[in-house]
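> starting from these lines, generate the structure:
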Amino acid sequence: VLFYAVVKKDNLVRPMITGMKEVEDADAAPAQGGGTVALIVALAITAAVLYVATGSFIEPPPPPPPAAW
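Here you go, the predicted model:
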């Protein structure tokens, strides 16, 4: 941020806070989404991470042996 403010003369603090940046019309481009393939890939990665995080692939421990009284 400091590099952009000092060297490139581009203040990034206000756009970081407000989410809006003023640019010239020649530089402006409409936002474009990732599409269906990107959504499917993101959902597949999310499902894999959830599967690993919950430990679903780990077998439950065996039951304890009966007490020898």
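
> quick check: buried residues in the lowest-mean-pLDDT helix or strand in the chain?
When the helices and strands of the chain are scored by mean pLDDT, DSSP states H and E, helix 2-6 comes last with a mean of 80. Buried residues in helix 2-6, counting neighbours by 16 or more other CB atoms under 10 Å, are absent. Just so you know, the C-beta spots here come from the backbone N, C-alpha and C atoms, and that holds for glycine as well.

> who touches it?
With CB atoms under 8 Å, 6 or more residues apart in numbering as the test, helix 2-6 has contacts from 10, 11, 12, 13.

> looking at those, which are in helices?
Secondary structure from DSSP state H places residue 13 of these in helices.

> tell me the one of the contacts of helix 2-6 nearest residue 21?
Nearest to residue 21 among these, counting by CB to CB, is residue 12 at 8.0 Å.

> and that closest one, what is it in contact with?
Applying CB under 8 Å, 6+ apart, the residues contacting residue 12 are 1, 4, 5.

> re earlier: by neighbour count, which of the contacts of helix 2-6 wins?
Neighbour count (other CB atoms under 10 Å) singles out residue 12 as the most crowded of these, with 14 neighbours.

> pLDDT of the biggest helix by length in the chain, averaged?
Once the chain is assigned using DSSP H, the helix that runs over the most residues is helix 35-54. Across helix 35-54, the average pLDDT comes to 94.

> what's that helix in contact with?
Here helix 35-54 makes contact (CB under 8 Å, 6+ apart) with 34, 57.

> report the distance from that helix to the chain centre.
11 Å (CA atoms, centre = their mean, to the nearest Å).

> and if you look at stretch 55-65?
Centroid separation for stretch 55-65 versus its chain: 32 Å, with CA atoms, centre = their mean.
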